[in-house]
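> Build me a model from this:
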Amino acid sequence: MSTQKRIRELEKKGYVVTKTNGQHLRLTKPGVTGVVFTSSTPGDGARGDKELQRNLRHVFGRSET
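Numbering: from 1, shown residues only. Next up is the predicted model:
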């Protein structure tokens, strides 16, 4: 799954996605402490998606990916 598709799925699950001043996205979830940052460039491919999954598990717990 691409990072962009995963971002759309996370938005459906209630995550709030905002852009930073650079080329990154900030993911938060109302009622949950923690923030995940990820690249917003599609060229990151599978590596970017794996990194996003790892960061989501680390910050929000295993059930959030």
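> list the buried ones in the longest strand anywhere in the chain?
Criterion DSSP state E: the longest strand present in the chain is strand 32-39. Residues of strand 32-39 classed as buried: V36, T38, S39 (neighbour count, 16 or more other CB atoms under 10 Å). From N, CA and C alone the C-beta is placed, and that goes for glycine too.
> average pLDDT across it?
For strand 32-39, the mean per-residue pLDDT is 88.
> partner strands of that strand, parallel or antiparallel?
Partners of strand 32-39 in the sheet, by DSSP bridges, are strand 24-29 (antiparallel).
> sorry, back to before: now tell me what touches the longest strand of the chain from outside.
3, 7, 20, 23-28, 48, 51-52, 55-56, 59-60 (CB atoms under 8 Å, 6 or more residues apart in numbering).
> just stretch 21-28 next, same as before
Contacts of stretch 21-28 (CB under 8 Å, 6+ apart): 7, 10, 15-20, 34-41, 56.
> go with 7 Å
In this structure, residues lying in contact with stretch 21-28 by CB atoms under 7 Å, 6 or more residues apart in numbering are 7, 10, 15-20, 35-41.
> Mind picking the two most distant members of these?
Farthest-apart pair in those is V16 and T41; separation 20.3 Å (CB to CB).
> For L52, the count of nearby residues, please.
By the measure other CB atoms under 10 Å, the count of residues near L52 is 23.
> just use 561 as the starting number from now, easier for me
Let's use 561 as the start, then, which means that last one is L612.
> K565: neighbour count?
10.
> hang on, it in a strand?
No - using DSSP: H, G, I helix; E, B strand; the rest coil, the assignment for K565 is helix, not a strand.
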